[in-house]
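Student: the sequence isn't on hand, but the structure is:
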């Protein structure tokens, strides 16, 4: 039987599929139900860009990435909310962006070995192999676990397989490069008055963009922009410190 | 007994509490377990800004708003993911931002009558009564339902009490000023190939800034920048349409 080429083909497919299921179970800690979702999570858009139908182009992990990004953000939000009962919203937002930013997600993805599962078009060069590919696949994987196993399982996956083993929340807190604090200390040492001028502008899509200026003794020394007041002020403070040579 | 002032005070408190519980049950469709969470959800920061301790300042709804914003984003993400199986990530992102933007949340909050539950410092003027107060309370309420009743209940609240009765997804889709779609249609009519080249650059504070170029038959015709891929691509598409005189 095994000499029939078609049988060999199916056997290889089944073998691959079994190995893939096993890999997913190892990574997520759960036996996958709908394996198709996980295959999709690891399909980079470069593999399907040639597709000419809408349905074909949607067979990449980008939609799952959109969903997984939201689930991941919620799980980490709750984790921080409970872990830091006395910290305000700005701190929680900042900490979350340190945990789920592009670089950190990519590092997490590599720690889980997701790079070995991602399907890329081998014909694609640098762009497709850019650093965000693995981090995006990780987000898509969270989306796949959510759809396949529900919120609780996705939450458990994120907490027990990502956050707790790999995210050093304490050191993230301590190494927070708090430029605003540094600038205040500097101003106090030098007897200067520091204040921030803040402007917000609505951008299409409901996004607010903030511009913060650091005003040192009535003179604007630096300006920063960001999607939150906090971000804009931090950037302005960082640039002010650079300008002042601190 | 009822002439004792303290008893009257407690009776009034209990009566108020019963009325509040009833209001929450009416709005969310579920009897609240931990009522404290819902009181917190409706406590605007202006009421507690006078507090001098960290713990005191945290007794406003801002932390719950951070959590609820994430939960709401996830529920709406899944809703759109399932409702539009053939739409790509950019469309889903855009649709979500149309549903959960500041103005739309505020309108939803008013439809639910949340303005009658929000606790504001009456001494505060315009700023505290700004349009986002009610929308923020709605996000905080979603956070409270999530902590009090779990994800499934929060999801049900969002879908059955907000999205399905009040969000006209179809008309939101139709009014989308989608420059990318227009550009694709134009290209198809003229037998041209359109693609986007995308670059992201990390900015301090965890912000990514994206640059998208519209490439028409291997020639860059327009470039746009934005804080998301979608924004950058939309802007690039809008400019391409202008350049092409469409």
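Tutor: Sure, I can see it. In this text the structure is predicted, and so the values were computed from the model without any measurement.
Student: how about the strands in chain A?
Tutor: Ranges of strands within chain A are A:194-203, A:207-216, A:219-226, based on DSSP state E.
Student: now tell me which helix or strand of chain A has the poorest mean pLDDT.
Tutor: Using mean pLDDT, DSSP states H and E, helix A:54-57 stands out as the lowest-scoring helix or strand of chain A, at a mean of 58.
Student: before we move on, back to that, deepest of the strands of chain A, which one?
Tutor: Comparing the strands of chain A by mean neighbour count (mean count of other CB atoms under 10 Å in any protein chain shown), strand A:207-216 ranks first with a mean of 19. Placement of C-beta: from N, CA and C, glycine included.
Student: from the contact counts, what lies against that strand?
Tutor: When contacts are defined as 3 or more CB pairs under 8 Å, 6 or more residues apart in numbering or on different chains; DSSP states H and E, strand A:207-216 sits against strand A:194-203, strand A:219-226, helix A:229-243.
Student: looking at the ones you listed, spot the one closest to chain B.
Tutor: Chain B sits nearest to helix A:229-243 of all those, at 4.1 Å, using CB to the nearest CB.
Student: who touches the closest one?
Tutor: The contact list for helix A:229-243 (CB atoms under 8 Å, 6 or more residues apart in numbering or on different chains) reads A:90, A:93-94, A:177-180, A:182-183, A:186, A:196, A:198, A:200, A:210-214, A:216, A:221-226, B:203-207.
Student: quick one, it and strand A:207-216 angle?
Tutor: 40 degrees (axes from the mean of the first three to the mean of the last three CA atoms, to 10 degrees).
Student: buried sites along helix A:229-243?
Tutor: Using 16 or more other CB atoms under 10 Å in any protein chain shown as the test for burial, helix A:229-243 gives A:229-241.
Student: where does pLDDT dip in chain A?
Tutor: By pLDDT under 70, the low-scoring segments of chain A are A:1-14, A:49-58, A:124-131, A:175-177, A:203-207.
Student: quick revisit: kindly reformat the helices and strands packed on strand A:207-216 as TSV containing distance to residue B:43.
Tutor: Converted to TSV, the helices and strands packed on strand A:207-216 look like this (distance: least, CB to CB, whole Å):
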stretch	distance to residue B:43
strand A:194-203	24
strand A:219-226	27
helix A:229-243	21
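Student: which stretches in chain A count as helices?
Tutor: Counting by DSSP state H, residue ranges of the helices within chain A are A:5-28, A:35-41, A:45-48, A:54-57, A:62-83, A:89-99, A:102-111, A:132-149, A:151-157, A:164-166, A:169-174, A:179-189, A:229-243.
Student: so the third one, near chain B or not?
Tutor: No - contact check for helix A:45-48 against chain B, using CB under 8 Å from any CB of the partner chain: none in range, with a minimum separation of 9.3 Å.
Student: and that helix, how far out from the chain middle?
Tutor: Helix A:45-48 sits 21 Å away from the centroid of its parent chain (CA atoms, centre = their mean, to the nearest Å).
Student: which elements pack onto it?
Tutor: Using 3+ CB pairs under 8 Å, 6+ apart as the contact definition, the elements that helix A:45-48 packs against are helix A:54-57.
Student: let's see 10 Å
Tutor: With contacts defined as 3 or more CB pairs under 10 Å, 6 or more residues apart in numbering or on different chains; DSSP states H and E, helix A:45-48 has these neighbours: helix A:54-57, helix A:62-83, helix A:132-149.
Student: tabulate these (JSON lines), appending mean neighbour count.
Tutor: Converted to JSON lines, these look like this (neighbours: other CB atoms under 10 Å in any protein chain shown):
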{"stretch": "helix A:54-57", "mean neighbour count": "12"}
{"stretch": "helix A:62-83", "mean neighbour count": "23"}
{"stretch": "helix A:132-149", "mean neighbour count": "26"}
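Student: could you dump those helices to JSON lines with distance to chain B?
Tutor: Listed next are these as JSON lines, based on distance: least, CB to the nearest CB, whole Å:
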{"stretch": "helix A:54-57", "distance to chain B": "5"}
{"stretch": "helix A:62-83", "distance to chain B": "4"}
{"stretch": "helix A:132-149", "distance to chain B": "7"}
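Student: residue B:101 is nearest to which of those?
Tutor: When the helices and strands packed on helix A:45-48 are compared by CB to CB, helix A:62-83 sits nearest residue B:101, at 15.5 Å.
Student: now residue A:161: how far from chain B?
Tutor: Plainly put, residue A:161 is 18 Å away from chain B if you go by CB to the nearest CB, to the nearest Å.
Student: so how far is residue A:117 from that residue?
Tutor: 15 Å (CB to CB, to the nearest Å).
Student: contacts only, for residue A:141.
Tutor: For residue A:141, the contact set (CB atoms under 10 Å, 6 or more residues apart in numbering or on different chains) comprises A:24, A:27-28, A:37-38, A:40-42, A:61, A:64-65, A:68, A:72, A:109, A:112, A:114, A:117, A:154, A:157.
Student: among these, name the buried ones.
Tutor: A:24, A:27-28, A:37-38, A:40-42, A:61, A:64-65, A:68, A:72, A:109, A:112, A:114, A:117, A:154, A:157.
Student: is it true that residue A:224 touches residue A:199?
Tutor: No - counting by CB atoms under 10 Å, residue A:224 stays clear of residue A:199, with 11.5 Å between them.
Student: okay, and the common contacts of these two?
Tutor: A:210-213, A:232.
Student: out of those residues, the closest to residue B:122 would be?
Tutor: For those, the residue nearest residue B:122 by CB to CB is residue A:210; the value is 28.6 Å.
Student: list the contacts for that closest one?
Tutor: Per CB under 10 Å, 6+ apart, neighbours of residue A:210: A:198-201, A:224-233, A:235-236.
Student: now for the residues you listed: which two are most distant?
Tutor: Greatest spatial distance in the contacts of residue A:210: A:201 and A:230, 16.3 Å, computed using CB to CB.
Student: list the contacts of stretch A:152-160.
Tutor: Where contact means CB under 10 Å, 6+ apart, the residues beyond stretch A:152-160 that reach it are A:27-30, A:67-68, A:71-76, A:78-79, A:100, A:138, A:141-150, A:163-165, A:167, B:74, B:150-152.
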